[in-house]
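[1] the sequence isn't on hand, but the structure is:
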């Protein structure tokens, strides 16, 4: 009946989907349910007190051991419920059973008493360790969710800032040979974000033929020294329009001096160059 009642309460809890403010209320209910269950199971230990039959004793020891193991597994996530189930079972039932078995002159009963005592101690320690593990896992999950929210907010703010400044960023992971372009980089190079491998080759494909050698030299310098000087060059759009960009490339290394990533920053400076040079923004390639 107690187990059935706990099942119904568990179902009610899931249907209620309580918020943070109701957690303590449901925690108390869960703990009192554990107490009631432990008291009912603990009555099993009274069999040892009223009979000297060894078969009953073996049966009771297994029942009490199983009840302890079950209480650890089902309640370890919530420490108050775990101890609420252990203490009513240990004090009125398991401890008297252990004492009674240890005071018998039968070596088998003494061994059962020792085994039950050791089993109870091991389970209590295991329950505390399980509880710590569960709590730590929840803390890590909450921390990860918090960091994910902050990361999404940071990425959104960065994307907005890059769009306002017309500055994009890209990255080449040398270990995995994977590429990352920010949304503004795709816009600057007029490239579809769904395009595969948006790497340095895509940038070179956009570079004006007369500037390509300069860009390749700067990239080679980055590969050799880890940093380039930062250059202005032209890029050619699909419709033939020419735009100006400023690009800086850097390489990051691990503790052993091995290159890990190549980072690039690109800024659309067409409007600035147009106002400085008094030249048309739109030209045609020869």
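    Here it is on my side, so go on. All figures in this text were calculated on a predicted structure; none of them were measured in a lab.
[2] strands along the stretch 151-286 of the chain, start to end?
    167-173, 178-181, 231-236, 242-253, 259-268 (DSSP state E, counting those that start in this stretch).
[3] so in that sheet, which strands flank the last one, and in what orientation?
    Within its sheet, and counting by DSSP bridges, strand 259-268 is paired with strand 167-173 (antiparallel), strand 242-253 (antiparallel).
[4] flag every buried residue along it.
    For strand 259-268, the neighbour count (16 or more other CB atoms under 10 Å) marks 261, 262, 264, 265, 266, 267, 268 as buried. The C-beta positions use only the backbone N, C-alpha and C, and glycine is treated the same way.
[5] ok, the shortest one next?
    Of all the residues in strand 178-181, those buried under the rule 16+ other CB under 10 Å are 179, 181.
[6] flag the shaky bits of the stretch 151-286 of the chain, pLDDT-wise.
    Residues of the stretch 151-286 of the chain meeting the criterion pLDDT under 70: 196-197, 228-229, 276-286.
[7] measure the residue nearest to residue 33 when sequence neighbours are not counted to residue 74 for me?
    Using CB to CB, 6 or more residues apart in numbering and skipping the chain neighbours, the partner closest in space to residue 33 is residue 6 (4.8 Å). If you measure residue 6 against residue 74 using CB to CB, to the nearest Å, the figure is 9 Å.
[8] check whether residue 108 really touches residue 54, as I assumed.
    Yes: with contacts counted by CB atoms under 8 Å, residue 108 reaches residue 54, the gap being 6.9 Å.
[9] could I get the strands paired with strand 259-268 as JSON lines with distance to residue 199?
    Formatted as JSON lines, those follow (distance: least, CB to CB, whole Å):
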{"stretch": "strand 167-173", "distance to residue 199": "6"}
{"stretch": "strand 242-253", "distance to residue 199": "13"}
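[10] including mean neighbour count and distance to residue 189, could the ones you listed go into CSV?
    Formatted as CSV, those follow (neighbours: other CB atoms under 10 Å; distance: least, CB to CB, whole Å):
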stretch, mean neighbour count, distance to residue 189
strand 167-173, 19, 8
strand 242-253, 18, 8
